[in-house]
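Undergrad: from the sequence below, what's the structure:
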Amino acid sequence: MHRQSIIFVSLLIIVTVVIVAISYATGAGPLGVLSMGISRLTAGEQMIPSRTLTEETKAPTAPEFSNGLWINSEPLTLKRLHGRVVLIEFWTFACYNCRNTLPTVKKWDMQYRDKGLTIIGVHTPELDYESNIDNLRREVAGLGIKYPVVTDNDYSTWKAYKVEAWPTLFLLDKQGRVRWTHVGEGYYDQTEHVIKKLLAE
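TA: Predicted coordinates:
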């Protein structure tokens, strides 16, 4: 029995050391590393394929944002954004997959904002510490996110869009209709193609 306890404690120490090492390497913190593992299980890169570009007449109107705290912007509504293409990304800051999409999403913001694209990050937390607005503000600044971010701590916007995993992208046309969705990482070229098409409509 004593030997089993020693083996268990040894394994626990090894796992702890690995988590701490990865947290320093990624800058996510130990809890962030645990969240990364959870997110990878819930939002595998190819869990749900991208939906093909929906015809305008068949595209559903996107639900409005629920009340939340806004970062980098005054409160926005989809009604006020009519006439602009809107990319909505459901994310949370400790999610590994979400962090992997960030460079591309930030690039699109810089490249297409002045051409009519508005990107909005809906921050739906996975873990308790991600619900803290101060933690979120620090992460948004540290990650170099310049586009608007709105909190969704009660999952109301998440539920309205029927989201199932982090990250999930929605592309809305200039009339606020959902024309494209993608869950997980990848499909960047295809998504950018849709952005260009919607901007040209």
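
Undergrad: hey, where'd the helices end up in this structure?
TA: 2-26, 30-42, 96-112, 133-142, 156-160, 188-200 (DSSP state H).

Undergrad: mean pLDDT lowest for which of those?
TA: With a mean of 41, helix 30-42 has the lowest mean pLDDT of these.

Undergrad: leaving out the residues flanking it, which one is nearest to the spatially most central residue of the chain?
TA: Nearest to the mean C-alpha position of the chain, counting by CA atoms, centre = their mean, stands residue 91 at 2.2 Å. Once flanking residues are discounted, residue 91 sits nearest to residue 98: 4.0 Å by CB to CB, 6 or more residues apart in numbering. Bear in mind the C-beta positions are built from the backbone N, C-alpha and C, glycine included.

Undergrad: next, work out how far apart that neighbour and residue 180 are.
TA: Per CB to CB, to the nearest Å, residue 98 is found 18 Å from residue 180.

Undergrad: how near is the closest residue to residue 175 other than its chain neighbours to residue 166?
TA: Nearest non-adjacent residue to residue 175, counting by CB to CB, 6+ apart: residue 82, 6.6 Å away. Here residue 82 is placed at a distance of 28 Å from residue 166 (CB to CB).

Undergrad: more crowded one of those two?
TA: Shown here are residue 82 and residue 166; by other CB atoms under 10 Å, residue 166 has more neighbours (27 against 13).

Undergrad: touching, the more buried one and residue 92? I think so.
TA: Yes. Assessed by CB atoms under 8 Å, residue 166 is found in contact with residue 92 at 5.6 Å.

Undergrad: in terms of contact, does residue 61 touch residue 177 like I think?
TA: Yes. Assessed by CB under 8 Å, residue 61 is found in contact with residue 177 at 5.7 Å.

Undergrad: pick out whichever of those two has more residues nearby.
TA: Regarding residue 61 and residue 177, a neighbour count based on other CB under 10 Å identifies residue 177 as having more, with 18 against 11.
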